[in-house]
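S.K.: Provided below for reference: sequence and predicted model.
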There are 2 protein chains.
Amino acid sequence: MNKLRTVIVDDHPIVIEGLKTLLKNEDNLEVIGGFSNGTQLLSYLERNPVDLILLDVTLPDIGGMELCQIIKAQFSATTILILSNHTERSIIMQTIQNGASGYLLKNSSLDELRQCIASAVTGNICYSKEVVEIISRPTKNQLRNTPQLTRREKQILSFLAEGKTSQNIAQELFLSPLTVDTHRRNLIQKFEVKNVAELIAAAHQQQLL
Amino acid sequence: MNKLRTVIVDDHPIVIEGLKTLLKNEDNLEVIGGFSNGTQLLSYLERNPVDLILLDVTLPDIGGMELCQIIKAQFSATTILILSNHTERSIIMQTIQNGASGYLLKNSSLDELRQCIASAVTGNICYSKEVVEIISRPTKNQLRNTPQLTRREKQILSFLAEGKTSQNIAQELFLSPLTVDTHRRNLIQKFEVKNVAELIAAAHQQQLL
DNA sequence: TTTCATCTACTGGTTTTTCGGTATTTTTTA
DNA sequence: TAAAAAATACCGAAAAACCAGTAGATGAAA
């Protein structure tokens, strides 16, 4: 097998250099480029085949998330590993949902990086130890008690998320609009929110939609 | 190292038996129990230490998601691997967020199961090949073009998600309520939705919140 | 069987959103 | 620097949501 053609994308040139040095002696990959923003990377990808991208999420021009999507859409054979300092679970999950094959914190050991690269190029998704902990740690949302919804309430909640009015919902469920109104108000109370907009946001955060 | 004390939870007794047979000859684990619902499992866990749980998501009494959370909260040393037929990405992501160490489809090979078990008990998160594909595949939402929002619109979108009214927002941003109104209407147009409730739902699905 | 949760429905009034326009100023970008 | 995009602001009317409170019917569990 040929060496993995690898590029590094980070807005700190020092990080790029550091990684290059660290990976210099790896015999299964070769760093063939380093870029400090997304535009540069994309125009490089247009002309050169790349097997592996070590990508930071915070870039000056295009966000790492968007970049992931774009790369995966246009160059689906390329593997993306995120190297970042962000420890928020939502960011990690988003990068994975956007096609990244793994997520490491920048303080990961070279050994972890090696392992993740090896795992990622064979099609797995790989996280560094610390990242696994973050992912598995319950969210604040999950800690604070999720309101207990009745069947009807769940039903009406999902209708509301579809932008339906009380009238609409009442018609579909053969109820009085006033009843639907009551349910909506109970939902708003249970979630301790101000209106339906916030209700939908809260329900989404607690993965009820 | 002692053998991994393993239990299987599935509402189909056949699956339990099948897995038991398959895993009989593994020398690093021992199946010490099989349950067909969540309540049975939980009361067993109260009395017996368990290292590994092979868990189905669809159970008659408690959902696999909830079960994951409960187990991780009370018996954090126990590793959970999900064995399921559900191929929806959201379900997979949710089980992981709830503390599962991996997700396999029921048609996975014994080899994949072995690998995932090995990987999971050392603290990694592991998916079977097919599951990796599901996770990495872009969502429909991501395929249909995400509306291009201006800075102001993003700002007002997030305020709306907090349940603020036009008046509130106008005050905070030192704008006329009428201006905020216009922005809100533009947002609703861009997302092609009927009202703010649906707007928030759509924005959430496209990970803009 | 009684109690509790849920579902249903109402009154009446206030606030907010939504719809369909228009229009000026500021900022960006080609 | 001209054109395009974004941000600002307005009007009026209708629709819908929100608030506060009440209350009968139903069904499940203790």
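M.R.: Received, thanks. These numbers come from a predicted model, not from an experiment.
S.K.: count the neighbours of the residue of chain A at minimum distance from DNA strand C for me.
M.R.: Going by Cβ to the nearest atom of the strand, DNA strand C is nearest to residue A:150 of chain A, at 2.9 Å. The way it works is simple: take the backbone N, C-alpha and C, and place the C-beta from them, glycine included. Using other Cβ atoms under 10 Å in any protein chain shown, residue A:150 has 12 other residues around it.
S.K.: per-residue pLDDT, it?
M.R.: Listed pLDDT for residue A:150 reads 93.
S.K.: quick check: it vs residue A:187, distance?
M.R.: Going from residue A:150 to residue A:187 by Cβ to Cβ, to the nearest Å gives 10 Å.
S.K.: how about the residues of chain A near DNA strand C?
M.R.: Within chain A, the positions near DNA strand C by Cβ under 7 Å from any atom of the strand are A:148, A:150-153, A:173, A:175-176, A:178-179, A:181-183.
S.K.: closest to residue B:203 among the residues you listed?
M.R.: residue A:153 (22.6 Å; Cβ to Cβ).
S.K.: now the farthest one out in chain A, which residue is it?
M.R.: Note on chain A: the largest C-alpha distance from the chain mean falls to residue A:176, namely 41.4 Å (Cα atoms, centre = their mean).
S.K.: and it, its phi and psi?
M.R.: Torsion angles at residue A:176 (phi, psi; degrees, to the nearest 10) stand at phi -80, psi 140.
S.K.: now it, nearest residue through space, not along the chain?
M.R.: residue A:170 (6.1 Å; Cβ to Cβ, 6 or more residues apart in numbering or on different chains).
S.K.: for residue A:116, same thing?
M.R.: The nearest residue in space to residue A:116 (Cβ to Cβ, 6+ apart) is residue A:126, at 4.1 Å.
S.K.: who's that neighbour bridged to?
M.R.: Applying DSSP bridges to residue A:126 yields these beta-bridge partners: residue A:102.
S.K.: and for it, the neighbour number?
M.R.: By other Cβ under 10 Å, the residues close to residue A:126 number 25.
S.K.: how near is it to residue A:30?
M.R.: For residue A:126 relative to residue A:30 (Cβ to Cβ), the value is 20 Å.
S.K.: OK, contacts around the residue nearest to residue A:116?
M.R.: Residue A:126 makes contact with A:81, A:101, A:102, A:115, A:116, A:119, A:120, B:124 under the criterion Cβ atoms under 8 Å, 6 or more residues apart in numbering or on different chains.
S.K.: look at it and report its pLDDT.
M.R.: 90.
S.K.: ok, residue A:1 next?
M.R.: So residue A:1 comes in at 65 (pLDDT).
S.K.: same deal with residue A:142?
M.R.: pLDDT, residue A:142: 56.
S.K.: sorry, back to before: can you pick the most crowded of the residues of chain A next to DNA strand C?
M.R.: Highest neighbour count within the residues of chain A next to DNA strand C, by other Cβ under 10 Å: residue A:183, with 22 neighbours.
S.K.: specify the local secondary structure of that residue.
M.R.: helix (DSSP: H, G, I helix; E, B strand; the rest coil).
S.K.: host element of the nearest residue to it once chain neighbours are set aside?
M.R.: Excluding the flanking residues, the one nearest residue A:183 by Cβ to Cβ, 6+ apart is residue A:156, at 4.7 Å. Using DSSP states H and E, the element containing residue A:156 is helix A:151-161.
S.K.: residues of that helix that come out buried?
M.R.: For helix A:151-161, burial by neighbour count (16 or more other Cβ atoms under 10 Å in any protein chain shown) applies to A:153, A:156, A:157, A:158, A:159, A:160, A:161.
S.K.: ok, of these, which one's closest to DNA strand D?
M.R.: residue A:160 (7.2 Å).
S.K.: give me the distance between the residue of chain A found nearest DNA strand D and residue B:197.
M.R.: Closest residue of chain A to DNA strand D, Cβ to the nearest atom of the strand: residue A:195 (2.7 Å). Plainly put, residue A:195 is 9 Å away from residue B:197 if you go by Cβ to Cβ.
S.K.: the more surrounded of these two?
M.R.: Remark: of residue A:195 and residue B:197, residue B:197 carries more neighbours, 25 against 16, as counted by other Cβ under 10 Å.
S.K.: quick check, that one in a helix?
M.R.: Yes. The assignment for residue B:197 (three-state DSSP) places it in a helix.
S.K.: residues contacting the nearest residue to it once chain neighbours are set aside?
M.R.: Closest residue in space to residue B:197, ignoring its immediate chain neighbours: residue A:196 at 4.5 Å, by Cβ to Cβ, 6+ apart. Shown in contact with residue A:196 (Cβ under 8 Å, 6+ apart): A:160, A:184, A:188, B:196, B:197.
S.K.: let's see 7 Å
M.R.: A:160, A:184, B:197 (Cβ atoms under 7 Å, 6 or more residues apart in numbering or on different chains).
S.K.: ok, the first one touching residue B:199?
M.R.: Read it as residue A:160. No. Using Cβ atoms under 7 Å, residue A:160 is not in contact with residue B:199; the gap is 11.9 Å.
S.K.: circling back to that earlier point, show me what the helix holding residue A:156 is packed up against.
M.R.: The contact analysis (3 or more Cβ pairs under 7 Å, 6 or more residues apart in numbering or on different chains; DSSP states H and E) places helix A:151-161 against helix A:177-190, helix A:196-205, helix B:196-205.
S.K.: just want the angle from the second one to helix A:151-161.
M.R.: Computed by axes from the mean of the first three to the mean of the last three Cα atoms, to 10 degrees, the angle separating helix A:196-205 from helix A:151-161 equals 110 degrees.
S.K.: same check on the first one?
M.R.: Direction vectors for helix A:177-190 and helix A:151-161, defined by the same axes, to 10 degrees, enclose an angle of 90 degrees.
S.K.: hmm, helix A:177-190 touching DNA strand D?
M.R.: Yes. Counting by Cβ under 7 Å from any atom of the strand, DNA strand D is contacted by helix A:177-190 at A:181, A:182, A:184, A:185, A:188.
S.K.: distance of residue A:205 relative to chain B?
M.R.: The gap separating residue A:205 from chain B is 8 Å, by Cβ to the nearest Cβ, to the nearest Å.
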